[in-house]
Structure formats: structure tokens, C-alpha cells
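Participant: fold the following.
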Amino acid sequence: MTTPATSSRASKAAKALVGLGAIAVLLLAMLIFIRPTTVSTGPDQVALHYSDGAFTPRRFQDCVSSSTRAWDGPGDKHYSYPKSQRNYVFGEGGDRPMVTFVSKDGIEMSVDGVAAFLLNTDCKTLQKFHDLIGNRYAAYMDTTDGNGSAGWLQMLSVYLSRPLETAIDRASQNYTYTELYTDPAVKAKWEQEVLEQMPELVGRQIDGDEEFFTDFAITLQKPVPPESVKAALVAQQEAVAKAKAKEAEAAAQVKAAEAQVAVEKAEAAKISERIKVLGRDGYLKQYAIDHGLNPYQPSTNGLITGP
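Facilitator: Model prediction:
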């Protein structure tokens, strides 16, 4: 049987438990709100620090240099970006497919290669890049292994890939497909022209005068025409090679004939000189002797015959 005293004690215990539970929830909430944030940058990374706590406005605070671990206020955000050279690969297995373009003589060609560059990590410039571009595409690094995020590649598809296509297409208007496909000197000149256009074309994509991307380098592989055009070009080259071979053979035959004529002329001149010295009959007799013949055949003029 429950007494009034027992009921009172149970009620007090329940209230105490409720109070302890409320305190625990409050402490947990406080831990969530006051727990500091941390960032650790690699040797080829820098980071931007923004305040973003429950009771603070979202505002840029400072930059975190490479190989640094920092602790900041609760709820603050850190955005890491690459400091070392980045490569944008176009082609099979790359960041995007091959780049297609049209040559001076109207042939569509394709090329793969690598565009290398640096992200400008000057603190103020990087902050502006993040505010204008990086944050919009979530282009900051989402891992510590040095690889870019999906947002990074999406950002490059707009700010690097399109200018690259334009630069390649413009430079290609100066050369025929056979020059680009067969002449290494032309290909090297074409590659240099693409590189020279990149800074200006990339800059046009960006509002303001900041250079968010610097130190461009371009490596283009040998551009290739469509298979049908390539087959026709190979056939043409084979025909030219055969024609040149026949031409060379004919020239060799002419030279051989000319050499033979020269030999015969020299021999005739030699014979003429010997005839001058020996006389015609003497030369013929000497010729016969030299060739194993007997120029002195027997005759009957000196034989004694019967009466």
C-alpha cells in the first residue's frame, strides 16, 4: 500500500530526473555551439577562414598558410584550395573529352593534351576568387589528398575549358590539316599560338582585373583528322612515295646510261689514239692478240708444189 510519504518521494525523484535530463540536453547543446572548428592544410594547400557561428555573421577572417593546423571559433568554416601546379587533362581518361576544331581548309580535327596552371593564392585575390567563383561552384578541395572536388572540375569546365577551345580553334585557322598532321614544326608553332592566347581568353571570363589563374603551360598531342580523311591522306602519301620511288629509279637508270656512254666515249677515244700510233692494221692485229686470237694465219704463198 502506497503511503503519502512514499508518493512524495517518488514525485521528487521524477522531478530530479527531469531536471538532470534538461541539464544534459543544455550541456550537449552548449557543446555543439561552443565546440571549436579546426583546419589542417597540406604542403600544397592554403585555406580561407570564415566566421559562421550561431551568433556571428558569416564574414572572412584570415588565410591559413600551407602545412598549418589551426583552431577557430564554433561554427566557423574553412575552404582549402591548391597552391601547387594543377593539370587539366583533355582526352581519353582525362577531365574532359578531346578538343575538336576546324583547320584552315575546313577539316574537323581532334586533339588531346594537358593545360597546366596555378591558382593565384595571394590572400586577397584568393578571397575574391572564393566569393565570386569558388563558393558558387563549391570548387574548394573536399579532401586532404590534393585532389580537386567535383565542383572544382565544373568550375574549370567554364573558366578554363571554354577559353582553351577558343584558343585552339583560333590558332587552327592558320594551318591546313595536312600541315598540322604531318609537320612537327607547324605543330609546335600552333601549340605556342594556343598558349599565347590563354591568359587573355581566361581573363575575359572573370569580372574585374584580377588574375585568378597564372603560369599557363600547354602540351598538345599530334592532332588527328577523321578516319576517312586519315585513310585518304595515307593513300595519298603512299602514292607520292611510289611516284618518288619511280622517279628515283628512272633518275638512277639515266645516270647509269650516262655513265656507260661516258665509258664508251673514253674507250673510243683510247682506240682512236692507238690507231694513230699503230695504224689500222696494226691495231687490229694487236686487238686480236690481246683477245687470244692469232692474226697471222698460214698461207700457201710460200709452199713448194710439184711440177
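
Participant: not counting sequence-adjacent ones, nearest residue to the most centrally placed residue in the chain?
Facilitator: Geometric centre of the chain, nearest residue: G113, 2.2 Å, by Cα atoms, centre = their mean. The shortest distance from G113 to any non-neighbouring residue, by Cβ to Cβ, 6 or more residues apart in numbering, is to L220 (4.1 Å). (Each C-beta comes from the backbone N, C-alpha and C, glycine too.)

Participant: any weak-confidence spans in this structure?
Facilitator: Scanning the chain for pLDDT under 70 picks out the ranges 1-35, 54-55, 143-148, 232-234, 238, 296-307.

Participant: doesn't T100 fall inside a strand?
Facilitator: Yes: checked against DSSP: H, G, I helix; E, B strand; the rest coil, T100 lies within a strand.

Participant: dig out what it forms beta bridges with.
Facilitator: S110 (DSSP bridges).

Participant: what's in contact with the helix or strand harbouring Y79?
Facilitator: In this assignment (DSSP states H and E), Y79 forms part of strand 77-82. Contacts of strand 77-82 with the rest of the structure, by Cβ atoms under 8 Å, 6 or more residues apart in numbering, involve 37, 39, 41, 44-50, 52, 58, 64, 70, 72, 119, 121, 126, 129-130, 134-135, 139-141, 144, 146, 148.

Participant: of the residues you listed, which belong to helices?
Facilitator: The members of these that map onto helices under DSSP state H are L126, F129, N135.

Participant: which among the contacts of strand 77-82 count as buried?
Facilitator: Buried members of the contacts of strand 77-82, counted by 16 or more other Cβ atoms under 10 Å: 37, 39, 41, 45-50, 52, 64, 70, 72, 119, 121, 126, 129-130, 134-135, 139-141, 148.

Participant: neighbours of the residue nearest to G113, how many?
Facilitator: For L220, the count of nearby residues is 22 (other Cβ atoms under 10 Å).

Participant: measure how buried E92 is and give me the count.
Facilitator: Other residues within reach of E92, judged by other Cβ under 10 Å, total 8.

Participant: wait, is it part of a strand?
Facilitator: No: going by three-state DSSP, the assignment for E92 is coil, not a strand.

Participant: not counting its neighbours along the chain, what's nearest it?
Facilitator: Closest residue to E92 apart from its sequence neighbours, by Cβ to Cβ, 6+ apart: D112 at 6.8 Å.

Participant: chain center to the helix or strand containing L284, what's the gap?
Facilitator: Element membership of L284 [criterion: DSSP H and E] is helix 227-290. Distance of helix 227-290 from its chain centroid, counting by Cα atoms, centre = their mean, to the nearest Å, is 52 Å.

Participant: cool, and stretch 214-232?
Facilitator: Put simply, stretch 214-232 sits 9 Å off its chain's centre (Cα atoms, centre = their mean).

Participant: need the contact list for the residue nearest to the centre of the chain.
Facilitator: The contact partners of G113, taken as Cβ under 8 Å, 6+ apart, are V89, F90, G91, V99, I218, T219, L220, Q221.

Participant: now do 7 Å
Facilitator: F90, G91, I218, T219, L220, Q221 (Cβ atoms under 7 Å, 6 or more residues apart in numbering).

Participant: now it: how far from M98?
Facilitator: The gap separating G113 from M98 is 9 Å, by Cβ to Cβ, to the nearest Å.

Participant: now for the two: what residues contact both?
Facilitator: F90, G91.
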